[in-house]
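1. how does the following fold in three dimensions:
(one chain, ligands or ions: 2)
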Amino acid sequence: MACGPMFLCFTGRDRKEKRKQPGWRIFSLNELHAATNNFNYDNKLGEGGFGSVYWGQLRDGSQIAVKRLKVWSNKAEMEFAVEVEILGRVRHKNLLSLRGYCAEGQERLIVYDYMPNLSLLSHLHGQHSAESHLDWSRRMKIAIGSAEGIVYLHHHATPHIIHRDIKASNVLLNTNFEAQVADFGFAKLIPEGATHVTTRVKGTLGYLAPEYAMLGKASESCDVYSFGILLLELVSGKKPIEKVSATMKRTISDWALPLACQKKFDELADPRLNGEYVEEELRRLVLVALVCADNEPAKRPTMLEVVDLLKGVSNEKLAELESCEMFKTPQVGEYTDGSGADSSDSISEEREIKQELS
Ligand SMILES: Nc1ncnc2c1ncn2[C@@H]1O[C@H](COP(=O)(O)OP(=O)(O)OP(=O)(O)O)[C@@H](O)[C@H]1O
Ligand SMILES: [Mg+2]
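-> Residues are numbered from 1 along each chain as shown. Ligands and ions are numbered 1, 2, ... in the order given. Sure, this is the predicted structure:
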């Protein structure tokens, strides 16, 4: 989050939205035990840096996802409640809102609406990847919707929020396959001792802006970089980092940039689309993605600009981008890392990231 709870203030718009929305509440541990069949293994939806996520059903019949924190330190006690309350007030159609939280004894749990179509990751590379639910129009809507969710975090939430972990598993899909960005602002809540984060740099390999990975400098433009990687993944169905041989790995932008320079946009499309996409939109997504993933933060657009570019309302700006230097000098990049880390791996040490990117 960009600033601390002391600076928390609400605009007229926030107040209005708060009145409209049912908002969040505090859950008792008993209620969450009952909802998840005592955190039964069969209810488990997945596991991330924070802990395990369980499906559950409340007494009123509504379905929830409960994230159960696995490591906790008493020191962070107050921070948890304050941060969760701030995040609980953030409401936008493309952000997964918190239904509430539970803090009893050593247990820390966060309650969300259950998203029946799970994450974008599960459709691109996971359990639903063979089913081809993501046609081109859904992909376009996911791209624009998730960008709009991030615009809200960067430009409209008070205080402004930097996500710090934009990636395919944090884009959830509701019944209509509309994007709901999850886990915003939580990176800093993950305590020391959790398996795959450092206190200085939190995020996921393949999505990290170089200046953030090297220097730990988090800013809105780091989210823009990660969003660019996410867009390339959405268009191509490829992972952010792919093994090209036993020792060589290639980032998705190193693969995509030379093809974009040669205007071979059709080669960038996910084969699962079977050629069924709108050419102009695909070109637009690829160009925007690559500009977002520029190594130099100053050259990246803001998320507000990204939304306009994706919607095709600033075609002159797009033409300008296309004529910029990066699309004239294609360079094919491959590198070894020796760590054996896969694209889905999160960080264990800051040192490790430096190795990845050097
Ligand atoms: N509200 C939800 N509805 C449905 N599935 C969910 C929900 N929240 C999380 N999940 C599922 O649970 C899995 C684990 O989520 P979690 O956020 O803990 O891990 P992650 O996104 O892989 O990593 P990170 O800890 O960096 O966010 C995700 O892959 C997602 O599919
Ligand atoms: Mg997540």
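
2. okay, now the unreliable bits of the stretch 51-200 of the chain?
-> For the stretch 51-200 of the chain, applying pLDDT under 70 flags the ranges 71-79, 186-200.

3. can you pull out the strands in it?
-> Taking DSSP state E, counting those that start in this stretch to define them, one finds strands in the stretch 51-200 of the chain at 51-57, 63-69, 98-104, 107-113, 171-173, 179-181.

4. is the first one anywhere near ligand 1?
-> Yes: counting by C-beta under 6 Å from any ligand atom, contacts between strand 51-57 and ligand 1 involve Val53. Backbone N, C-alpha and C define where each C-beta goes, glycine included.

5. what's the answer for the second one, then?
-> Yes: Strand 63-69 reaches ligand 1 (C-beta under 6 Å from any ligand atom) through Ala65, Lys67.

6. most packed of the strands of the stretch 51-200 of the chain?
-> Mean neighbour counts were compared across the strands of the stretch 51-200 of the chain using mean count of other C-beta atoms under 10 Å; the top stretch is strand 171-173, at a mean of 26.

7. helices or strands up against it?
-> When contacts are defined as 3 or more C-beta pairs under 8 Å, 6 or more residues apart in numbering; DSSP states H and E, strand 171-173 sits against helix 120-124, helix 136-151, strand 179-181.

8. for the strands of the stretch 51-200 of the chain, give me TSV that also has distance to Glu280.
-> What follows is those, written out as TSV (distance: least, C-beta to C-beta, whole Å):
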stretch	distance to Glu280
strand 51-57	38
strand 63-69	37
strand 98-104	38
strand 107-113	35
strand 171-173	24
strand 179-181	21
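
9. possible to save those strands as TSV with distance to ligand 2?
-> Formatted as TSV, those follow (distance: least, C-beta to the ion, whole Å):
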stretch	distance to ligand 2
strand 51-57	8
strand 63-69	8
strand 98-104	13
strand 107-113	10
strand 171-173	8
strand 179-181	10
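
10. and Met326, which of those is closest to it?
-> Using C-beta to C-beta as the measure, strand 171-173 is the one of the strands of the stretch 51-200 of the chain that comes nearest Met326, at 25.6 Å.

11. show residues contacting the closest one.
-> 96, 115, 117-121, 123, 142, 146, 179-182, 230 (C-beta atoms under 8 Å, 6 or more residues apart in numbering).

12. please enumerate the helices of the stretch 151-300 of the chain.
-> Secondary structure of the stretch 151-300 of the chain, counting by DSSP state H, counting those that start in this stretch: helices at 210-215, 220-236, 252-261, 279-292.

13. any chance of the helices and strands packed on strand 171-173 in TSV, plus distance to Gly23?
-> Listed next are those as TSV, based on distance: least, C-beta to C-beta, whole Å:
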stretch	distance to Gly23
helix 120-124	27
helix 136-151	19
strand 179-181	17
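
14. wait, doesn't Leu134 sit right on His125?
-> No: between Leu134 and His125 no contact is recorded; they are 11.6 Å apart, counting by C-beta atoms under 8 Å.

15. residue in this protein with the shortest distance to ligand 1?
-> Among the residues of the chain, Gly48 lies nearest to ligand 1; the distance is 1.9 Å by C-beta to the nearest ligand atom.

16. residues from the stretch 1-150 of the chain in reach of ligand 2?
-> Those residues of the stretch 1-150 of the chain that sit near ligand 2, judged by C-beta under 5 Å from the ion, are Gly48.

17. my bad, should have said the stretch 251-358 of the chain
-> Taking C-beta under 5 Å from the ion as the contact definition, the stretch 251-358 of the chain does not meet ligand 2 anywhere.

18. where does the stretch 251-358 of the chain dip in pLDDT?
-> Applying pLDDT under 70 to the predicted model, the residue ranges of the stretch 251-358 of the chain that meet it are 330-358.

19. how about the residues of it by ligand 1?
-> Of all the residues in the stretch 251-358 of the chain, not one is in contact range of ligand 1 (C-beta under 6 Å from any ligand atom).

20. strands of the stretch 251-358 of the chain, start to end?
-> With DSSP E, counting those that start in this stretch as the criterion, the stretch 251-358 of the chain has no strands whatsoever.

21. ok, back up a step: which of the helices of the stretch 151-300 of the chain sits most buried?
-> Neighbour counts averaged per stretch over the helices of the stretch 151-300 of the chain are highest for helix 220-236, at a mean of 25; criterion: mean count of other C-beta under 10 Å.

22. show me what that helix is packed against.
-> Using 3+ C-beta pairs under 8 Å, 6+ apart as the contact criterion, the neighbours of helix 220-236 among helices and strands are helix 120-124, helix 136-151, helix 210-215, helix 252-261, helix 279-292, helix 303-311.

23. could you dump it to PDB, C-alpha only?
-> Taking Å, rounded to 0.1, in the frame of the first residue of the first chain, the C-alpha atoms of helix 220-236 are listed here in PDB:
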ATOM      1  CA  GLU A 220       2.800   1.700  -9.700                       C
ATOM      2  CA  SER A 221       5.000   1.200 -12.700                       C
ATOM      3  CA  CYS A 222       6.100  -2.200 -11.300                       C
ATOM      4  CA  ASP A 223       2.500  -3.300 -11.500                       C
ATOM      5  CA  VAL A 224       2.400  -2.000 -15.100                       C
ATOM      6  CA  TYR A 225       5.300  -4.200 -15.900                       C
ATOM      7  CA  SER A 226       3.700  -7.300 -14.300                       C
ATOM      8  CA  PHE A 227       0.500  -6.400 -16.200                       C
ATOM      9  CA  GLY A 228       2.400  -6.400 -19.500                       C
ATOM     10  CA  ILE A 229       3.700  -9.900 -18.800                       C
ATOM     11  CA  LEU A 230       0.100 -11.000 -17.900                       C
ATOM     12  CA  LEU A 231      -1.200  -9.600 -21.200                       C
ATOM     13  CA  LEU A 232       1.400 -11.500 -23.200                       C
ATOM     14  CA  GLU A 233       0.400 -14.700 -21.300                       C
ATOM     15  CA  LEU A 234      -3.300 -14.000 -22.000                       C
ATOM     16  CA  VAL A 235      -2.700 -13.500 -25.700                       C
ATOM     17  CA  SER A 236      -0.200 -16.400 -26.300                       C
END
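
24. cool, thanks, talk later.
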